[in-house]
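A.B. asks: got a predicted model here, sequence first, then my questions.
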Amino acid sequence: MFARPHTYIALTLLLLCCCSIRHERVEITGEEGFRNGDMVLRAGCGAESRLVMQRSNSSFSHIGILQYDSLPGQWMVIHAVPAENEPGEPEYIKREALTDFFAPIKAQKGAWMRINCSDETANRAAQYCRNKYEERVLFDNDYLLRDTTELYCCELVWLAYLREGIDISDGMRYEVPTVFCPEGESIFPVNIENGKNTLFVKHFNTKHL
């Protein structure tokens with residue numbers, strides 16, 4: 001979830017307030033059950049991701065939304081993430097194959113999550129994210145919810161459903177040090193996992209994808 005944290009001290013302070021989450025583990029090996037607008041979560045491999053998961057007692061540190069692309073015949077993930085390749089590259093919202101999203105260098109494990117809504121609503125949420133990708137919206141390194149000209153991972157999917165009348169974060173926020181986020185609060189993946197509108201979260205082995 002994190003981009004370029006100002007300091008590891010800020011991260012440590014940020015995560016002292018995180019709460020726990022538990023899910024029944026469900027192994028799935030295929031993509032047959034996915035629908036547009038479902039979300040995927042991953043446990044990142046970097047130091048910041050490990051700190052997030054450890055301090056929050058959460059299994060995941062990043063989130064993206066699924067949309068099927070019939071041309072290559074595969075599921076794509078649209079997500080807001082800081083530069084993962086060359087230093088200094090533009091940090092635009094990304095759209096990549098599910099297998100790339102869960103590449104071993106990026107992910108230790110993953111999960112599939114669905115919001116309790118109609119297929120049509122979920123599809124519109126996915127298209128909203130696709131539009132933001134095509135608009136080349138940048139990653140929000142300040143994690144500001146009041147400024148939607150740039151977006152971070154949870155903010156992207158939250159806005160996609162909020163415009164459909166569904167607050168997938170269930171109003172939950174984490175207080176964060178202002179040195180890290182000027183607003184003093186942010187949405188984390190675990191807020192969405194724990195939201196009342198989340199229908200299920202199913203863990204899976206990314207090696208099968």
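C.D. replies: Arrived safely. Numbers count the residues shown, from 1 in each chain.
A.B. asks: was I right about Gly64 contacting Gly37?
C.D. replies: No - contact between Gly64 and Gly37 fails when scored by CB atoms under 8 Å: they sit 11.5 Å apart. To be clear about C-beta, it is placed using only N, CA and C from the backbone, and glycine gets the same treatment.
A.B. asks: what's the next secondary structure element after the least confident helix or strand in the chain by mean pLDDT?
C.D. replies: Here the helix or strand of the chain ranked lowest by mean pLDDT, DSSP states H and E is helix 8-15, holding a mean of 39. The C-terminal neighbour of helix 8-15 among helices and strands, as given by DSSP states H and E, is strand 39-44.
A.B. asks: gap between Ala107 and Leu41?
C.D. replies: Applying CB to CB, to the nearest Å, the value for Ala107 to Leu41 is 9 Å.
A.B. asks: what about those two, which has more around it?
C.D. replies: Neighbour count, other CB atoms under 10 Å: between Ala107 and Leu41, Leu41 has more, with 25 against 21.
A.B. asks: need the pLDDT of the closest residue to the more buried one other than its chain neighbours.
C.D. replies: Excluding the flanking residues, the one nearest Leu41 by CB to CB, 6 or more residues apart in numbering is Phe60, at 3.9 Å. Predicted confidence (pLDDT) for Phe60: 85.
A.B. asks: what segments of the protein are helices?
C.D. replies: Assigned by DSSP state H, the helices in the chain fall at 8-15, 47-56, 98-101, 119-134, 153-162, 189-193.
A.B. asks: could you say what helices and strands the shortest one packs with?
C.D. replies: By that I understand helix 98-101. Other elements packing on helix 98-101 under the criterion 3 or more CB pairs under 8 Å, 6 or more residues apart in numbering; DSSP states H and E are strand 39-44, strand 74-79.
A.B. asks: could you do the last one as well?
C.D. replies: Helix 189-193 makes packing contacts with strand 39-44, strand 62-69, helix 153-162 when contacts are defined by 3+ CB pairs under 8 Å, 6+ apart.
A.B. asks: export it to PDB, keeping only CA atoms.
C.D. replies: What follows is helix 189-193, C-alpha atoms only, in PDB (Å, rounded to 0.1, in the frame of the first residue of the first chain):
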ATOM      1  CA  PRO A 189      -6.900  -2.600   3.000                       C
ATOM      2  CA  VAL A 190      -8.000  -4.100   6.300                       C
ATOM      3  CA  ASN A 191     -10.700  -1.400   6.600                       C
ATOM      4  CA  ILE A 192     -12.300  -2.700   3.400                       C
ATOM      5  CA  GLU A 193     -11.800  -6.300   4.400                       C
END
